[in-house]
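[1] how would this look folded up:
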Amino acid sequence: MKKDLGTFYRLMEILPAFLTWLTVVLMFLLSWKIPIAVAIFIILFDIYWLLKTIYLSFHLKSSFNRLKKNLKIDWLKSLDLNQETAQKWKEIYHLIILPMYQEPYSVVKETFDRLAESNYPLDKFLVVLAIEERAGKQAQDVALEIEKNYGNKFFKFLISVHPDGLEGEIPGKGSNESWAAKKAKSEIIDSIGIPYGDILVSVFDVDTQVFKNYFGILTETFLTEKDGQFSSYQPVPLFLNNIYQAPALARIIGFSSTFWHLMQQSRAEKLTTFSSHSVPFKALCEIDFWQKNIVSEDSRIFWQFFLHFDGHWKTVPLFYPVSMDANVAPTFWGTMMNLYKQQRRWAWGSENAAFLFSGFKKNKKISFGKKIYWTFHLLEGYHSWATSSLIIFALGWLPIMLGGVSFGATLIAYNLPSITRWIMTLASLGIVSSAFLSMALLPPKPFEFKKINSLWYFFSWILMPATLIFFGSLPAIEAQTRLALSGKFSLDFWVTPKHR
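    Numbering: from 1, shown residues only. Sure, this is the predicted structure:
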């Protein structure tokens, strides 16, 4: 599928892995050849990491406070009281697409329970349960049972069946969502005559449970945002649906992802779309929906909009949550494997670099400043994902191991371990604050949850450093390397199994 994309595109696919492996090689080579310079570098890098941790902690706290505030607001009432939205909001329809593979009925049922409890007129909901033909009879039976129990609760309900083996597609969310949106367009929207500009599309993983006022705050943000028709809308993913069944590492990784997205909400200039999000239907039609031959459709859709509209596109943070499943399997080692595969799939988003840079090369209307900003931000983000943890945990001892006897006799060699340990101990205060924040985010505790469980949930954050390497750097390196090698090493879309 990529053989005709050209040499430049192929080189850009290789670039993230090249930068990552160059860094890894230089870590060893320079620790051997110029250990003093490397020792100074790692001290400065650790100080930078400490300052970055403090900086991001302020963003995390700010976003968390705004999220708590927004959760207390009746956004439907706010729509009526706001002169700017009082009449307009009643014209807005919500197309809700829920791509599904082989998730059990219990998971899908909880999603529809929360959807039906929304504090928003359900006669404005166009709901599409998008199943895969390749999922077989089980998925069809679940969809029909959902239709039987929930189909009459919404203005329109549609089951779309994405055919297997269509040319130019890979099985995954992007191709399924695109098929579902086109079906909704032809069978519901066009037949009724709803104006495209009055429709917001929310695409949710089928385990995504909306909070009561999600569609209220989404609608108000859309109607009050400058250039609302040229914006994506991003909630905060909370991996809490099954948090009390999740082992410690799954909880830590889930909360870490939530905290990262919370911090990004306060840095809207760097925000792109992730997983469950919302977009204007009119713009979605203009770009011909989601691409069908990629893995990272949730982030790619942002870049499709960005390039199509000549850089005139942004992601607006909602500072409002949706709740999703933590990654849990029936066994501990099964959970560990699934966590690794999920992180590897997310890291496969580095495929967007080639798409974006090739688009920059062709599109002369996007400003040079925007091109430079996003080129640096994208490459730095994926490079940092793959290498920062390795730099922090390896360069504190590599110069001592490889630097030779002459370096070992220097004062900096003697003090390097204690200096780096002291700096990283200060940086670990961010882990402590994360532990407190994670306890505040926990949903109502089950009856059997005891104080000893709370202590274990708090102190399990000591596992955080291990997750940064084994469920951060390593899957990112593998994903980038596979992308660079391409061919039989390429990743297909991996569906995260849902277990309760």
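
[2] show the subsequent helix or strand relative to the longest strand seen in the chain.
    Counting by DSSP state E, the longest strand found in the chain is strand 314-324. Sequence-wise, the next helix or strand downstream of strand 314-324 (DSSP states H and E) is helix 332-347.

[3] and that next one, what does it pack against?
    Packing partners of helix 332-347 (3 or more Cβ pairs under 8 Å, 6 or more residues apart in numbering; DSSP states H and E): helix 248-265, helix 368-394, helix 474-485. Using the backbone N, CA and C atoms, a C-beta is placed for each residue, glycine as well.

[4] by mean pLDDT, point me to the weakest helix or strand of the protein.
    helix 451-459 (a mean of 71; mean pLDDT, DSSP states H and E).

[5] list of residues touching the helix or strand just after that helix?
    Scanning forward in sequence from helix 451-459 by DSSP H and E, the next helix or strand is helix 464-468. Helix 464-468 is contacted from outside by 249, 252-253, 256, 389, 393, 431, 434, using Cβ atoms under 8 Å, 6 or more residues apart in numbering.

[6] could you dump these to CSV with pLDDT and neighbour count?
    Listed next are these as CSV, based on pLDDT from 0 to 100; neighbours: other Cβ atoms under 10 Å:
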residue, pLDDT, neighbour count
249, 86, 20
252, 90, 26
253, 90, 26
256, 90, 20
389, 92, 20
393, 86, 17
431, 74, 16
434, 78, 19
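
[7] in terms of mean pLDDT, which of the helices and strands packed on helix 332-347 ranks lowest?
    Lowest mean pLDDT within the helices and strands packed on helix 332-347: helix 248-265, at a mean of 91.

[8] list the buried residues for it?
    Neighbour-count burial for helix 248-265 flags 248-259, 261-265 (criterion: 16 or more other Cβ atoms under 10 Å).

[9] return the distance of it from the chain's centre.
    10 Å (Cα atoms, centre = their mean, to the nearest Å).

[10] how many degrees apart are that helix and helix 451-459 in direction?
    If you take axes from the mean of the first three to the mean of the last three Cα atoms, to 10 degrees, helix 248-265 sits at 60 degrees to helix 451-459.

[11] which elements pack onto helix 248-265?
    Using 3+ Cβ pairs under 8 Å, 6+ apart: helix 248-265 touches helix 35-71, strand 231-239, strand 314-324, helix 332-347, helix 429-441, helix 464-468.

[12] hey, C-alpha coordinates of that helix in PDB?
    Taking C-alpha atoms only, helix 248-265 is exported to PDB below (Å, rounded to 0.1, in the frame of the first residue of the first chain):
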ATOM      1  CA  ALA A 248      -0.800  -2.200  39.900                       C
ATOM      2  CA  LEU A 249       1.200  -1.700  36.600                       C
ATOM      3  CA  ALA A 250      -2.000  -1.400  34.600                       C
ATOM      4  CA  ARG A 251      -3.300   1.200  37.000                       C
ATOM      5  CA  ILE A 252      -0.100   3.200  36.900                       C
ATOM      6  CA  ILE A 253       0.100   3.200  33.100                       C
ATOM      7  CA  GLY A 254      -3.600   4.100  32.800                       C
ATOM      8  CA  PHE A 255      -3.200   7.000  35.300                       C
ATOM      9  CA  SER A 256       0.100   8.100  33.600                       C
ATOM     10  CA  SER A 257      -1.700   8.400  30.300                       C
ATOM     11  CA  THR A 258      -4.500  10.400  31.900                       C
ATOM     12  CA  PHE A 259      -2.100  12.800  33.600                       C
ATOM     13  CA  TRP A 260      -0.200  13.300  30.300                       C
ATOM     14  CA  HIS A 261      -3.500  14.300  28.600                       C
ATOM     15  CA  LEU A 262      -4.500  16.500  31.500                       C
ATOM     16  CA  MET A 263      -1.200  18.400  31.200                       C
ATOM     17  CA  GLN A 264      -1.700  18.700  27.400                       C
ATOM     18  CA  GLN A 265      -5.100  20.300  28.000                       C
END
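
[13] what angle separates that helix from helix 429-441?
    Using the same axes, to 10 degrees: helix 248-265 against helix 429-441 is 100 degrees.

[14] circling back: which of the contacts of helix 464-468 sit farthest apart?
    393 and 434 (18.3 Å; Cβ to Cβ).

[15] assumed residue 98 was part of a helix.
    No - going by DSSP: H, G, I helix; E, B strand; the rest coil, the assignment for residue 98 is strand, not a helix.

[16] that one touches residue 204, doesn't it?
    Yes - using Cβ atoms under 8 Å, residue 98 makes contact with residue 204 at a distance of 5.6 Å.

[17] neighbour count: those two, which is higher?
    residue 98 (26 against 22; other Cβ atoms under 10 Å).

[18] quickly list what that one is bridged to.
    residue 129 (DSSP bridges).

[19] looking at the helices and strands packed on helix 332-347, which is closest to residue 134?
    helix 474-485 (23.0 Å).

[20] mind listing what's buried in that closest one?
    Along helix 474-485, these residues count as buried under the neighbour rule (16+ other Cβ under 10 Å): 474-484.

[21] between those residues, which sits nearest residue 422?
    Using Cβ to Cβ, the buried residues of helix 474-485 come closest to residue 422 at residue 474, 26.9 Å.

[22] shaky segments in the stretch 301-450 of the chain?
    447-449 (pLDDT under 70).

[23] in JSON lines: the contacts of helix 464-468, plus distance to residue 307.
    JSON lines is the format used below for these (distance: Cβ to Cβ, whole Å):
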{"residue": "249", "distance to residue 307": "38"}
{"residue": "252", "distance to residue 307": "36"}
{"residue": "253", "distance to residue 307": "32"}
{"residue": "256", "distance to residue 307": "30"}
{"residue": "389", "distance to residue 307": "32"}
{"residue": "393", "distance to residue 307": "37"}
{"residue": "431", "distance to residue 307": "38"}
{"residue": "434", "distance to residue 307": "36"}
